[in-house]
Structures are given as structure tokens and as C-alpha cells.
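Peer 1: Kindly generate the corresponding structure for this input.
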Amino acid sequence: MEHRKRIIPVVLLIVVLLGAYYVYTTYWVAGANANTASGFIEGEEIAIAAEVGGRIEAITVDEGARVTAGQELVRLERSLLDAQIAQAQAAVETAQAQLAQVKAGARPEEIRQAEAALVQAIAARDGAQRAWENARAARANPQELDARLAAAEAQVKTAKFQLDSARANANAARVRVDAIGGVEQTRVEGKVIVEQWAAAEAAAQTAQAAYEGAVKGWQILLDMRKNPLTLDAQVDAAKAQFDASAAAVSVAQARLDALRAGATKEQVAIAEAAVKQAQAALGVLQAQTNKMTLKSPVSGIVTRRAAQPGEIATPNAMLLGITNLETVKLTIYVPETRIGQIKIGDEIPVKVDAFPDKTFIGKVIFIASQAEFTPRNVQTKAERVNTVFAVRVQIPNPNMELKPGMPADAMLK
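Peer 2: The predicted structure is shown next:
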């Protein structure tokens, strides 16, 4: 009986102590922690990947290295791209030169050549016409064939003499041109000599065409005498030669007219389009050169390195991971009873164990729209005080003092 009396006070003491502990933990400690919400510092990782494929020439940072925004991280090999750019640049220069040539029009030398070609074509046409007419006359009156043949032979000799004279004049004029420094000189008297040479050269070409036409006419008559049965075929061949010569005159005249008139609007537009197309192709390659060097978009820490120099970088494959530390985040869980006191944009003081004497100021950027139960199987009304809402706080970190994984406490109002 006495033993039982001794136990009762001990039990009562234990009950009192347990009750005091419950009151302390439920009201005192809870009240002390009601204005504090804890979490861990989080950093946003950014994947560094190449937009174009290529062999990795260099990676300038290792894991754990601190980088700043704009710092070079990865460099891809670009020798092939440089060669393509040089080729595209040459294409641009060629297109620009062609555009300038189109706008400038024909050079005087080109016009002189076209004029000479026209004169030569006319002479060839006239010779072909005479040969055709002789062939028709011989077919119509075969007994006069010998007389026509003799006349044609004499015409050949005359044309040959005129050709030799014209060629000698042209050669002499060319010697005078060379003596004054060539066709590119700009003196007035020199230009006169160049013009004289051009005229002599045109006369020589005309004489050449006349001679060739006389030879063809004489040859047709000669063939007709050797084989009278082919008169019709010879006339037809002479007619075809005349038609071809007449067509050549039309072509030469059209080319001369085009040179004298200069480029049309359509030709200028085509040349300008060619320049733009070449410039666009060059621009595409130049834009790719900027993608051969990867730079950090933010200041932070290298948290992952997934490649080595010499490897092939494939487009969009991560090469490095950079954790942004200029701005970090802290996710806290606020009880239901306090969530109504917090709104987006509120500033909240944050403290970390690593800097006990320093307070960081964060800003609320997110409040969950749905509550979470802690633990999730709580059903009683008395325990719903444990229902919490996730709140995300953004904290400026210009000196990068806060690191991912650090425990932090947010001071609620």
C-alpha cells in the first residue's frame, strides 16, 4: 500500500511534464515558428547546345567554373565554313561587277566590233545572193555557163586583190595603234588613230566576206559545169546559203541595236536580283559563323559538362549546363492561416546559415492556387492547420553568394 502511494506522485509529475511539453510545443514553439518558412535555394540551369553540327575545337571551362554573361564557352571548327564564305564573297563580287557592266552599257570597242560584224554579215549575204543569182541564170541558160564561170573567176581574183589590200591597210593601222600605246590610251590624236584602225579592220573583214562569197559563187558554177545534172540541187544550196546569210544579217543588226540602246529595265532588274541572291547566300553563311562560337547567356556556375574537344557536336544536344546565379529562387510552404496575408510582389526577408548576419530581400513571384496537405492523409479539422500553399520567392544574387541547395528561412510578416 505504501509502495502504491509512492508511485502516484511520480505518475502525476510525469503527466504534468508531458502536458507542459505539449503546451510548449503546440503554442510557444509553434508561435515562434509561425513567422518563419523554410526551404532550399534553387538555381535555374540553362543548357548550352549548338544550333549547327560540327567538330568541337575547344571547350574553355570545366565543371564548377564561374562564368559571366557573354563569356566564350565552346568553339566549333570552322575551316570548311570559311572556305564557303570566301566562295560566296567571290560570287557577290562577280554579281556586282555584272550589274555594273549592265548599267554602264556597251563599251565603244564592243559597239565597233558589232558594227564590223554587221558589215561582214551584209557582205556575206550579198555574196551569197550573187551566187544564188548566178546559179539560177546558169540553170536557165546552160550555154552561158562558161562565160559566167569566167566572170566569177575574175570576180574571185578581184576580191582577193581587194582583200589583200584591205588586210595590208589594217595591219599598217594596227602598227600605228601599237606605236601610240594601244587602244586604251585617251589622247585625242590617239583616238583618231584607233578609229582609223577600227575602220580598216572593218574594211578587211568586209573584203574577206566578199572574197569568200565570190569563191562560193565560182565554186557553185564550177560544180554545175562538172555535173550538169545537179543544177537544181546547186540552185537550192545557193538559195539556202543566201537565206542563212540574210538571217545572220538580222542577228548582227539586232545585236548592234541592243548595244547602242543599252540595258533594258528587265536586264537591270535581273542583274540586281542576282546580286541580292548572292548577298543572301553570303549572309546565311556569315550568320552560321556566329553559331560556331557558343557564349554564356547568363552569369553562373558550370554544373555539367557533357562533351570533350574533338567530339562531334550534334544540333540541340547539351554540351554544358550553366546554373544561373544572378537570380535564385526559394520555394516555401505557407500555412493556410497565413496565405491570405501574402500577395504577388511582396518583399520578403530571407536568411541563410552561411551568412547569419546578412538579410537577402526576395520578391514573391508565384503563389500556388491549390493547397497541399502535410501529411496528405490529414482529414480532421483540427489538423488542417497543416494545410499549406507553395510560394516561390525570387532573390537577386548579384554577388553569387547564394548557392543551390543552401537551406534558407523566409521571414513572413
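Peer 1: which residues sit against stretch 68-87?
Peer 2: 48, 50, 52, 54-61, 67, 282, 285-286, 288-289, 292-299, 307, 313, 319-320, 322, 326 (CB atoms under 8 Å, 6 or more residues apart in numbering). All C-beta atoms are positioned from the backbone trio N, CA, C, and that covers glycine.
Peer 1: Of those residues, keep whichever come out buried.
Peer 2: Neighbour counting over the contacts of stretch 68-87 (16 or more other CB atoms under 10 Å) leaves 48, 50, 54, 56-57, 59, 61, 67, 282, 285, 288, 292, 294, 296, 298-299, 307, 313, 319-320, 322, 326 as the buried ones.
Peer 1: quick one: secondary structure of residue 324?
Peer 2: Counting by DSSP: H, G, I helix; E, B strand; the rest coil, the backbone at residue 324 sits in strand.
Peer 1: pretty sure it is touching residue 46, no?
Peer 2: Yes - counting by CB atoms under 8 Å, residue 324 does reach residue 46; the two are 6.1 Å apart.
Peer 1: So for these two, which sits in the more crowded spot?
Peer 2: Counting neighbours by other CB atoms under 10 Å for residue 324 and for residue 46 shows that residue 324 has the greater number, 21 against 17.
Peer 1: in the protein, which residue is closest to the centre?
Peer 2: Relative to the mean C-alpha position of the chain, the nearest C-alpha, by CA atoms, centre = their mean, is the one of residue 284, at 0.9 Å.
Peer 1: Show me where the stretch 101-250 of the chain dips below the pLDDT cut-off.
Peer 2: 105-106, 138, 140, 142-146, 183-189, 224-225, 227-232 (pLDDT under 70).
Peer 1: any chance you could map the strands in it?
Peer 2: Secondary structure of the stretch 101-250 of the chain, counting by DSSP state E, counting those that start in this stretch: no strands present.
Peer 1: All the helices of it, residue numbers only.
Peer 2: With DSSP state H, counting those that start in this stretch applied, the stretch 101-250 of the chain shows helices at 108-140, 145-179, 188-226, 231-261, listed in chain order.
Peer 1: okay if I get those as JSON lines plus distance to residue 372 and mean neighbour count?
Peer 2: Supplementary listing: these in JSON lines, determined by distance: least, CB to CB, whole Å; neighbours: other CB atoms under 10 Å:
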{"stretch": "helix 108-140", "distance to residue 372": "86", "mean neighbour count": "19"}
{"stretch": "helix 145-179", "distance to residue 372": "99", "mean neighbour count": "16"}
{"stretch": "helix 188-226", "distance to residue 372": "97", "mean neighbour count": "19"}
{"stretch": "helix 231-261", "distance to residue 372": "84", "mean neighbour count": "16"}
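Peer 1: Using a markdown table, lay out these together with distance to residue 74.
Peer 2: Listed next are the helices of the stretch 101-250 of the chain as a markdown table, based on distance: least, CB to CB, whole Å:
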| stretch | distance to residue 74 |
| --- | --- |
| helix 108-140 | 54 |
| helix 145-179 | 63 |
| helix 188-226 | 63 |
| helix 231-261 | 56 |
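Peer 1: correct me, but residue 190 touches residue 178?
Peer 2: No - taking CB under 8 Å as the contact criterion, residue 190 and residue 178 are not neighbours in contact, 11.3 Å apart.
Peer 1: anything in contact with each of these two?
Peer 2: Jointly contacting residue 190 and residue 178 under the rule CB under 8 Å, 6+ apart is no residue at all.
Peer 1: Return the residues in contact with residue 274.
Peer 2: Residue 274 neighbours (CB under 8 Å, 6+ apart): 95, 98, 99.
Peer 1: Mind doing that once more with 6 Å?
Peer 2: Shown here is residue 274, whose contacts under the criterion CB atoms under 6 Å, 6 or more residues apart in numbering are residue 95.
Peer 1: So it: helix, strand or coil?
Peer 2: Per three-state DSSP, the secondary structure class of residue 274 is helix.
Peer 1: in what helix or strand does residue 408 lie?
Peer 2: According to DSSP states H and E, residue 408 maps onto strand 407-411.
Peer 1: Enumerate the beta-bridge partners assigned to residue 294.
Peer 2: In this structure, residue 294 bridges to residue 74 when assessed by DSSP bridges.
Peer 1: For it, give me its contacts.
Peer 2: 48, 73, 74.
Peer 1: can I see the domain layout of the protein?
Peer 2: Under the assignment named as automatic domain parsing, the residue ranges that make up the domains of the chain are 1-33, 34-72+299-411, 79-101+274-290, 106-262.
Peer 1: and those domains as a markdown table, adding distance to residue 268?
Peer 2: A markdown table is the format used below for those (distance: least, CB to CB, whole Å):
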| stretch | distance to residue 268 |
| --- | --- |
| domain 1-33 | 82 |
| domain 34-72+299-411 | 36 |
| domain 79-101+274-290 | 8 |
| domain 106-262 | 10 |
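Peer 1: that older thread, keep only those of the contacts of stretch 68-87 that are in strands.
Peer 2: Among those, the subset assigned to strands under DSSP state E consists of 48, 54-59, 67, 293-295, 313, 319-320, 322, 326.
Peer 1: Residue ranges in the stretch 251-400 of the chain under the pLDDT threshold?
Peer 2: Within the stretch 251-400 of the chain, the segments meeting pLDDT under 70 span 261, 263, 373-386.
Peer 1: Skipping adjacent residues, who's closest to residue 248 in space?
Peer 2: What sits nearest to residue 248 in space, not counting adjacent residues and going by CB to CB, 6 or more residues apart in numbering, is residue 121, at 4.6 Å.
Peer 1: ok, now how distant is the nearest residue to residue 198 once chain neighbours are set aside from residue 195?
Peer 2: Taking CB to CB, 6+ apart, and ignoring the residues beside it in sequence, residue 198 has residue 112 as its nearest neighbour in space, at 4.7 Å. The spacing between residue 112 and residue 195, counted by CB to CB, to the nearest Å, is 8 Å.
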